[in-house]
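Quick one, fold the following:
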Amino acid sequence: MSPKVSKEHLKQRRAKILEAATQVFIEHGYERTTMKDVMDAANVSRGGLYQYFSNKEDLYEAILKENLSRKVHETKELLDEKNDSYWDLLLLRMFGENREPDDKMDPLAPINLEFFITGKNDKRRREYGTERYRYGVNLFADIIRAGQESGEFSKKYDGDIIARSIVTFIDGLALGHAILPMEDLMVKEQSILFVETLKIILEVK
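This next block holds a predicted model:
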């Protein structure tokens, strides 16, 4: 009789596989990555990998969902607290802990783009892409509406439209990152200009 494996152990093994798979996808891209590549990187058997994920698409969706779920959860917790500045929270969600534009891009951004573009004719992937887009919009819209209700942001423009503009800007940079040299993309310069535009729209003092 084989020994029982605790839920915590299974959770840790799954997290280890996702961590290794993330690095493999970053290195090879979505299309060129194989489940064998992930097995080797995570040091697991075929059965060990397929115990958690039925195929490469299932695996990559899990990475996307884990990352987005963490951001949504963290944002909800921060919104539940008393915020001194919703502008600061908006910058946190856009640029990370530094809260200011730089030349760095999320290394998964071009792979995310590849995942959705190569699956644009797949019903399941299109539905998940729509769901993910809505979650992303809601994440930014919740911050903007909270800032508007607090009086920190102007109510001149609808928070949902501003949130969609932010997502479109980020996705646009991801597209550029996938096909252009970083020096041509000018991520920092574009981001600074976009932030200044947001300040005007929201009337941030």
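
Mind listing what's buried along the longest helix along the chain?
Taking DSSP state H as the criterion, the chain has its longest helix at helix 123-150. Within helix 123-150, the residues scored as buried using 16 or more other C-beta atoms under 10 Å are 125, 128-129, 132, 136-137, 139-148. Heads up, the C-betas are built off the backbone N, CA and C, glycines and all.

mean confidence score for that helix?
In this model, helix 123-150 has a mean pLDDT of 94.

In three-state terms, label residue 101 for me.
coil (DSSP: H, G, I helix; E, B strand; the rest coil).

what's the closest non-adjacent residue to it?
Of all residues not flanking residue 101 in the chain, residue 191 sits nearest, at 3.3 Å (C-beta to C-beta, 6 or more residues apart in numbering).

which residues in this structure form helices?
Going by DSSP H, the chain shows helices at 7-28, 35-42, 46-50, 56-80, 86-95, 109-118, 123-150, 159-179, 182-185, 187-202.

tell me, how many neighbours does residue 109 end up with?
Number of residues near residue 109 (other C-beta atoms under 10 Å) recorded here: 17.

ok, now which ones touch it?
By C-beta atoms under 8 Å, 6 or more residues apart in numbering, the contact set of residue 109 is 173-174, 177-178.

For residue 90, see how far away residue 186 is.
22 Å (C-beta to C-beta, to the nearest Å).

Settle it for me: which of those two has more neighbours?
The neighbour comparison of residue 186 against residue 90 (other C-beta under 10 Å) goes to residue 90, with 26 against 15.

Is the more buried one in contact with residue 141, as I believe?
No - in this structure, residue 90 is not within contact of residue 141 by C-beta atoms under 8 Å, at 10.8 Å.

rewinding a little: the residue nearest to residue 101 reaches residue 98, doesn't it?
No - with contact defined as C-beta under 8 Å, residue 191 does not count as touching residue 98 (11.6 Å).

what is in contact with the two at once?
Overlap of the contact sets of residue 191 and residue 98 (by C-beta under 8 Å, 6+ apart) is empty.

Read off the pLDDT value for the spatially most central residue of the chain.
In the chain, the centroid-proximal residue (C-alpha atoms, centre = their mean) is residue 68; its distance is 5.2 Å. According to the prediction, residue 68 has pLDDT 91.

And for it, nearest residue in space, chain neighbours not counted?
Leaving aside its chain neighbours, residue 68 sits nearest to residue 135 (5.8 Å; criterion: C-beta to C-beta, 6+ apart).

Buried ones in the least confident helix or strand in the chain by mean pLDDT, by neighbour count?
Every helix and strand in the chain was compared by mean pLDDT, DSSP states H and E; the lowest is helix 182-185, with a mean of 84. Neighbour-count burial for helix 182-185 flags residue 185 (criterion: 16+ other C-beta under 10 Å).
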